[in-house]
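Q: Model the following, please.
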Amino acid sequence: MADAFLSFAVQKLGDFLIQEISLRLSLRDEVTWLRNELLFIQSFLRDAELKQSRDQRVQQWVFEINSIANDAVAILETYTFEADKGDDDEFASRLKACACICRKEKKFYNVAKEIKSLKKRIMDISRKRETYGITNINYNSGEGSSNQVTTLRRTTSYVDEHDYIFVGLQDVVQKLLAELLKAEPRRSVLSIYGMGGLGKTTLARNLYNSLNSFPTRAWICVSQEYNTMDLLRNIIKSIQGRTKETLDLLERMTEGDLEIYLRDLLKERKYLVVVDDVWQREAWESLKRSFPNGKNGSRVIITTRKEDVAERADDRGFVHKLRFLSQEESWDLFRRKLLDVRAMVPEMESLAKDMVEKCRGLPLAIVVLSGLLSHKKGLNQWQKVKDHLWKNIKEDKSIEISNILSLSYNDLSTALKQCFLYFGIFPEDQVVKADDIIRLWMAEGFIPRGEERMEDVAEGILNELIRRSLVQVAETFWEKVTECKVHDLLRDLAIQKALEVNFFDIYDPRSHSISSLCIRHGIHSEGERYLSSLDLSNLNLRLIMFFDPYICNVFQHIDVFRHLYVLYLDIDEGGVIPDAIGSLYHLKFLRLTGIDNLPSSIGNLKNLQTLVVINGHASYCQLPRETVDLINLRHLVAPYTKPLVHISKLTSLQVLDGVVCDQWKDVDSADLVNLRELSMFDITKTYSLNSISSLKNLSFLKLICDIGQSFPSLEFVNCCEMLQKLWLEGRIEELPHLFSNSITMMVLRDSRLTEDPMPILGMLPNLRDLQLVGAYEGEEIMCSDNSFSQLEFLRLNRLQSLERWDLGTSAMPLIKGLGIYDCPNLKEIPERMKDVELLKRNYKW
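A: Now for the predicted structure:
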């Protein structure tokens, strides 16, 4: 893990020596010595990381290297920031010039003093290396883990498993669906229980997605440490939305008020609520009073590890104990998850069957074992895995799942380990956006810069963790993972391993404690107490992530943020952002919630790569014009109102999400040479979008019309030569006759076309996924022979007038999935489509 940090530090030190040409000779020598010494230590890291799982002292040694590398980078960045501020002063007089020189001398002195302190720590590290027997194994800076990371993108792809059900659950799904759909008017509760890793949440999710007849739906995760008021608020927000009025109202309510409010909200509705991961009977008892019996067929699904919780949830409810898989089902599941079944020779198959049998039908153990063996080549490596697991088996007992999980974790490369550990800092059962986790890894320096885009390399790492079954897919769209999570048992493993190396810690409000050795802090509750009562001033924190929705005035404590690389706020109201935020020079990732305005000092954050502003209650925020000074900004995700003049200065920009149409008209798009994704809103017919054709690397385009408006001419789309994914939402008076041949995915939503779009769309040579949602008002669609030659997935939704679908005999030869929803007048689908797999409705899209 330390390898990535050390490589980053060595690179930073080298850049510093090049850029700061005016350094004193003595200071230059100190920095050069530090760089060379860290480069030398790097050659011992591989041996140390092989030994650290067996020796706690070696593990601590690796962490100390990590800490030194982080501190070295922080010292240099702080010096550079302060020096730049001095250089920006206007020298109005000789006295001012002398003062500036004095300030710079002081900065030279401070950085030299801090580097001498690092030298002492490095010398101590070197002594310990000899004591622990860590040897040089010929580290080659041109190879190794950084290179492994960059190859992941090329060697790893993601297979869409959105509709995947664990082997052995198909019959259970049908049985429980029948129970839920019984003609029983009273509100009833279905409880699913079983040990961790059996697939309770997977089963509940499949049931939830299959029940389309419930107009009101909600899903909440309870977990071990729950707060009843938070659970009630979350259900209300998921049903009623997160408007400012709702948030303010809920904040003022007592627990009794919330119960009554939710009960009133549900009493006239037919609802489906999943209460996932209930640990105590009291948790359900505190909630069930809020679920009224309206005698309209409402249902509640509970998942729990505890039999008594399931049995006592409802006197007349249905209880299902989730069984273990049979040997045949276990082997089937193992083979399905194995990356290359054909490479498994008979001797390897025999080894694998022994190991799978010892998993005793526990799905999580089986899929993680399969993911581990998928990355072991040959009989000898499989035998080593078996030998390692057999060490921990007594007599004829099964393999402890913790041993399989630990072995799979230890098999990860340094880069994969640090990226996996990151999932542990999120709250239990939290669904994590793939974009967020990828951008967080980049901000931390886990993803090396190279020929490939960092975003692509990071996506490869995420896919690799999914392939190993260490990360679960929660949501996909257009062949990409959009949301993911980790199983509770794997999260526990991540937290344990993180604490062993002081990677991060999570604030415990019960003991009012958090590790002072960790440079990353996660705060899941009582954030105000964390900030006001703990002495955080000397911790040099690199990351703070707040998941307490009710914390206020975070920025009153901005002094503790001064070394942060990551500030992540998943809260309801962010408050007022002070000018002092501009002093957080190290920030690379900034996520804000409920912010209306950002101060002009935001332009000081020259290292910022990601700026995300999420407003649950307000449509837009205001970004100052200084935002265009963020020269390293790669991801700007913020629906903003005030035009950003000269936004084309942001030449590093990869993602721009939130720009309004009338702000785009003055943009010189030709300068945005790296822009790959553009999402634009409030489009009207009066504005031209032709300048989008100048975005030569654009691969994703999402355009949404203002309410009641139509698109202007869309002919420019034909000139976007790299465009692969296109989303058009709003009325289209005339569909362009030509689209770029590069398009593979397309959504047309609320287009209200009067002419059949299929003759035009069917000619796109690479189109694989098409969704028409309220896109066509005609009665017939016609797909002629040889059209849609590459189409694999088709969804027709809200085509209210559609009655007939004519399909040529050679049209859509590769179709694999079909979804038809809310097309009430469609009398019949073509005969050939009746055997195509039905796609489940995705309510998010």
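Q: Please identify the helix or strand for residue 190.
A: For residue 190, the host element (DSSP states H and E) is strand 188-193.
Q: I'd like the distance from the very next helix or strand once past that strand to the chain centre, please.
A: Following strand 188-193 in sequence order, the next helix or strand is helix 200-210 (DSSP H and E). Mean-position distance between helix 200-210 and its chain equals 21 Å (Cα atoms, centre = their mean, to the nearest Å).
Q: Also stretch 818-838?
A: Here stretch 818-838 is found 34 Å from its chain centre; the criterion is Cα atoms, centre = their mean.
Q: Stretch 403-422 now?
A: Centroid displacement of stretch 403-422 relative to its chain, using Cα atoms, centre = their mean, is 18 Å.
Q: Count residues in the vicinity of residue 169, would you?
A: 20 (other Cβ atoms under 10 Å). (C-beta placed from N, C-alpha, C; glycine too.)
Q: what sits against it?
A: Residue 169 makes contact with 199, 202-203, 206, according to Cβ atoms under 8 Å, 6 or more residues apart in numbering.
Q: now do the same end-to-end measure for stretch 471-486.
A: 5 Å (Cα to Cα, to the nearest Å).
Q: Same check on stretch 204-215?
A: End-to-end distance for stretch 204-215, by Cα to Cα: 18 Å.
Q: what residues does it touch?
A: Residues outside stretch 204-215 that contact it (Cβ under 8 Å, 6+ apart): 165, 169, 173, 176-177, 180-181, 192, 217, 219, 269-272, 274, 276, 298-299, 301, 303, 840-841.
Q: Tell me which of those residues fall in strands.
A: 192, 217, 219, 271-272, 274, 276, 299, 301, 303 (DSSP state E).
Q: Confirm residue 815 sits in a helix?
A: No: counting by DSSP: H, G, I helix; E, B strand; the rest coil, residue 815 is not found in a helix; it is coil.
Q: thinking again about what came up before, could you flag which of the contacts of residue 169 are buried?
A: Buried residues within the contacts of residue 169, counting neighbours by 16 or more other Cβ atoms under 10 Å: 199, 202-203, 206.
Q: what helix or strand is residue 73 on?
A: Per DSSP H and E: helix 56-87 holds residue 73.
Q: Next: residue 592.
A: Per DSSP H and E: residue 592 is located in strand 589-593.
Q: Direction included, what does that strand pair against?
A: Strand 589-593 pairs in its sheet with strand 566-569 (parallel), strand 610-614 (parallel), by DSSP bridges.
Q: what does it rub up against?
A: Counting by Cβ under 8 Å, 6+ apart, 436, 439-440, 442-443, 565-574, 577, 598, 605, 608-616 sit against strand 589-593.
Q: Do I have it right that residue 509 meets residue 529?
A: Yes: in this structure, residue 509 is within contact of residue 529 by Cβ atoms under 8 Å, at 6.4 Å.
Q: joint contacts of the two?
A: By Cβ under 8 Å, 6+ apart, no residue touches both residue 509 and residue 529.
Q: So the closest residue in space to residue 780 that isn't next to it in sequence versus residue 504, what's the distance?
A: Distances taken as Cβ to Cβ, 6 or more residues apart in numbering put residue 804 closest to residue 780, at 4.4 Å, once the chain neighbours are dropped. Residue 804 is 59 Å from residue 504, where distance means Cβ to Cβ, to the nearest Å.
Q: And the strands in the stretch 451-600 of the chain, which stretches?
A: Secondary structure of the stretch 451-600 of the chain (DSSP state E, counting those that start in this stretch): strands at 472-477, 480-485, 505-506, 520-523, 543-546, 566-569, 589-593.
Q: sorry, back to before: could you dump the ones in strands among the contacts of stretch 204-215 to a markdown table with distance to residue 479 and pLDDT?
A: Listed next are these as a markdown table, based on distance: Cβ to Cβ, whole Å; pLDDT from 0 to 100:
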| residue | distance to residue 479 | pLDDT |
| --- | --- | --- |
| 192 | 31 | 95 |
| 217 | 26 | 89 |
| 219 | 25 | 90 |
| 271 | 33 | 92 |
| 272 | 29 | 93 |
| 274 | 27 | 92 |
| 276 | 27 | 91 |
| 299 | 33 | 94 |
| 301 | 30 | 95 |
| 303 | 29 | 94 |
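Q: Out of the residues you listed, which comes closest to residue 707?
A: The closest of those to residue 707 turns out to be residue 217 (Cβ to Cβ; 25.6 Å).
Q: Contacts only, for the closest one.
A: 208, 271-273, 843.
Q: and if we set it to 6 Å?
A: Each residue near residue 217 by Cβ atoms under 6 Å, 6 or more residues apart in numbering is listed here: residue 272.
Q: partner residues bridging it?
A: Where residue 217 sits in a bridge, its partners, by DSSP bridges, are residue 272.
Q: just residue 701 next, same as before
A: With DSSP bridges as the criterion, residue 701 is bridged to residue 678, residue 726.
Q: That one against residue 726, yeah?
A: Yes: Residue 701 lies in contact with residue 726 (Cβ atoms under 6 Å); the separation is 5.4 Å.
Q: Output the contacting helices and strands for the strand holding residue 190.
A: Counting contacts by 3 or more Cβ pairs under 6 Å, 6 or more residues apart in numbering; DSSP states H and E, strand 188-193 packs against strand 299-304, helix 307-311, strand 318-321.
Q: In the longest one, which residues are buried?
A: Of the residues in strand 299-304, 299-304 count as buried by neighbour count, 16+ other Cβ under 10 Å.
Q: what does stretch 171-178 give?
A: Residues of stretch 171-178 classed as buried by neighbour count (16+ other Cβ under 10 Å): 172, 176.
Q: With that, I have no additional questions.
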